[in-house]
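Enquirer: Compute the structure for the input listed below.
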Amino acid sequence: MGLRMRNRSIYLLQGKVGAGKSLISQRLIHGMAHNGVKILVITTELTTRGWIEQMESIGYGMTDFIRTGQVMVLSRYGTVADSRQDVTFEEILNSPAIPAADVILIDSVGSLLPDNMEKQDHFELIQQLRKIASEGRSFMLCADPEEMDGNLLHSLRASAEVVLDLDNVLIGGELKRSIVITRFLRAAGPLQTSVGWRVEPGMGFIVDITAVS
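Expert: Modelled structure (predicted):
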């Protein structure tokens, strides 16, 4: 899948609930951490402990990286500080944790955005993402099309360097998962347009060779 993810970029992982956005992002985070990348994880779906335990359950232990400060995990359902339901995307982008990271994962971005955004708001949000990215950071955004404004999602897709569309379908009683590489700019190697995959406890992400031609 392009050999490596470019820096100063926006990566968009799009899919409905259950499509595997979180799992794919966790696999990418695992690889980046082992290559010395400093990562900030912002989860709106799990507690901090829940995210760490999820990573452990699929064989992607993050404890050592968190202990050294290479990986930081923040959750809206805080276990140390009080939980907050009203945290905004703007507050996250202005957080002092942002400058300390090379890659910022937000899972999921739609739940942090207001419902009444106008076209100008979309432009300003993407402009702010681009400004932060230009300073040497990258954003990995998980997005549910049923949760986000369609115009904003379209703008994000057009602006992102990497767009991965995640889908699953039930075939013969078995759930088949796929990653469609919709967009991958500045790829350092060959790309396959579609990748079948599955996840196994303790083993993590596995490419389904039966789905590879």
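Enquirer: Return the distance of residue 33 relative to residue 68.
Expert: Between residue 33 and residue 68 the distance is 10 Å, computed by C-beta to C-beta, to the nearest Å. C-beta here means a position set from N, CA and C on the backbone, and glycine is covered the same way.
Enquirer: do the same with residue 118
Expert: Computed as C-beta to C-beta, the residue 118 to residue 68 distance reads 43 Å.
Enquirer: on that earlier part again, who's more crowded, residue 33 and residue 68?
Expert: residue 33 (21 against 8; other C-beta atoms under 10 Å).
Enquirer: Alpha carbons of the biggest helix by length in the chain, as PDB, please.
Expert: Counting residues, the longest helix in the chain under DSSP state H turns out to be helix 119-134. Presented in PDB, the C-alpha positions along helix 119-134 are these (Å, rounded to 0.1, in the frame of the first residue of the first chain):
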ATOM      1  CA  LYS A 119     -19.300  26.200   3.600                       C
ATOM      2  CA  GLN A 120     -17.000  28.900   5.000                       C
ATOM      3  CA  ASP A 121     -16.500  26.800   8.200                       C
ATOM      4  CA  HIS A 122     -15.500  23.800   6.100                       C
ATOM      5  CA  PHE A 123     -12.900  25.900   4.300                       C
ATOM      6  CA  GLU A 124     -11.500  27.300   7.500                       C
ATOM      7  CA  LEU A 125     -11.300  23.900   9.200                       C
ATOM      8  CA  ILE A 126      -9.400  22.300   6.300                       C
ATOM      9  CA  GLN A 127      -7.200  25.400   6.100                       C
ATOM     10  CA  GLN A 128      -6.300  25.000   9.800                       C
ATOM     11  CA  LEU A 129      -5.500  21.300   9.300                       C
ATOM     12  CA  ARG A 130      -3.300  22.200   6.300                       C
ATOM     13  CA  LYS A 131      -1.500  24.900   8.400                       C
ATOM     14  CA  ILE A 132      -0.700  22.400  11.200                       C
ATOM     15  CA  ALA A 133       0.300  19.700   8.600                       C
ATOM     16  CA  SER A 134       2.700  22.200   6.900                       C
END
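Enquirer: what pLDDT, on average, does it get?
Expert: If you average the pLDDT over helix 119-134, you get 94.
Enquirer: check which helix or strand covers residue 176.
Expert: strand 174-184 (DSSP states H and E).
Enquirer: after that strand, next one along is what?
Expert: strand 194-200.
Enquirer: Summarise which helices and strands that next one is packed against.
Expert: strand 174-184, strand 204-207 (3 or more C-beta pairs under 8 Å, 6 or more residues apart in numbering; DSSP states H and E).
Enquirer: what's next to the last one, contact-wise?
Expert: Judged by C-beta atoms under 8 Å, 6 or more residues apart in numbering, the contacts made with strand 204-207 from elsewhere in the structure are 23-24, 27, 30, 58-60, 195-200.
Enquirer: May I see the ChimeraX selection of the buried members of those residues?
Expert: Entered in ChimeraX, the line below selects the buried ones among the contacts of strand 204-207, by 16 or more other C-beta atoms under 10 Å:
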select :23,24,27,30,58,60,195,196,197,198,199
